[in-house]
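1. any chance you can model this:
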Amino acid sequence: MEWSDILNSVKDGIEDLATLEVLTLTGDVTTSIIAGDKVAWAELLEKVQAGSGEIRLVAATKMMIDSDVIQFVAGTASDEPNLLKLHDAAVRTAQENRRAVIDFVRTVLGVIP
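-> Below is the predicted model of the structure:
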């Protein structure tokens, strides 16, 4: 592995840590998307793209590390308050998880005693 590959890998990791995206989808999929006891997300998206179902984006949120936020809510999402509550809860959980990861990294690096 070359230094440029290592630097690109570190850069990609920092960019991934610096943004947080939460998507809430609804729809129907006509094929099984369960692998054991887990949802096979990659298979779900592949099958929908192949025409085995349909999903609709209800809400999306992107948060940057500097606290900028971009949020999208579908025009009909206001008719689906339970989905919006679910989306809001997912955003809060993702934020808490991100804080925990950052605290962990800071602790490992010795920034926080």
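2. all strands for the protein, in order.
-> Counting by DSSP state E, the chain has strands at residues 19-29, 34-35, 38-39, 53-64, 69-73.
3. quick check: residue 86 vs residue 80, distance?
-> 9 Å (C-beta to C-beta, to the nearest Å). Glycine gets a C-beta too; all of them are placed from N, C-alpha and C.
4. from the chain's centroid, how far away is stretch 71-88?
-> 16 Å (C-alpha atoms, centre = their mean, to the nearest Å).
5. start and end of it, how far apart?
-> Using C-alpha to C-alpha, to the nearest Å, one end of stretch 71-88 lies 11 Å from the other.
6. so where do the helices sit in the chain?
-> Here the chain has its helices, by DSSP state H, at 3-18, 41-49, 81-108.
7. tell me which of those helices lies nearest to residue 70.
-> Checking the helices of the chain against residue 70 by C-beta to C-beta gives helix 81-108 as the closest, at 12.0 Å.
8. buried residues in the closest one, which are they?
-> With burial defined by 16 or more other C-beta atoms under 10 Å, the residues of helix 81-108 counted as buried are 83-84, 87, 91, 98.
9. what is it packed up against?
-> When contacts are defined as 3 or more C-beta pairs under 8 Å, 6 or more residues apart in numbering; DSSP states H and E, helix 81-108 sits against strand 19-29, strand 53-64.
10. tell me, which of the ones you listed is the model least confident about?
-> Mean pLDDT values for the helices and strands packed on helix 81-108 show the minimum at strand 19-29, a mean of 75.
11. where does the chain have its least confident helix or strand?
-> Least confident element among the helices and strands of the chain, by mean pLDDT, DSSP states H and E: strand 34-35 (a mean of 67).
12. nice, that's everything, thank you.
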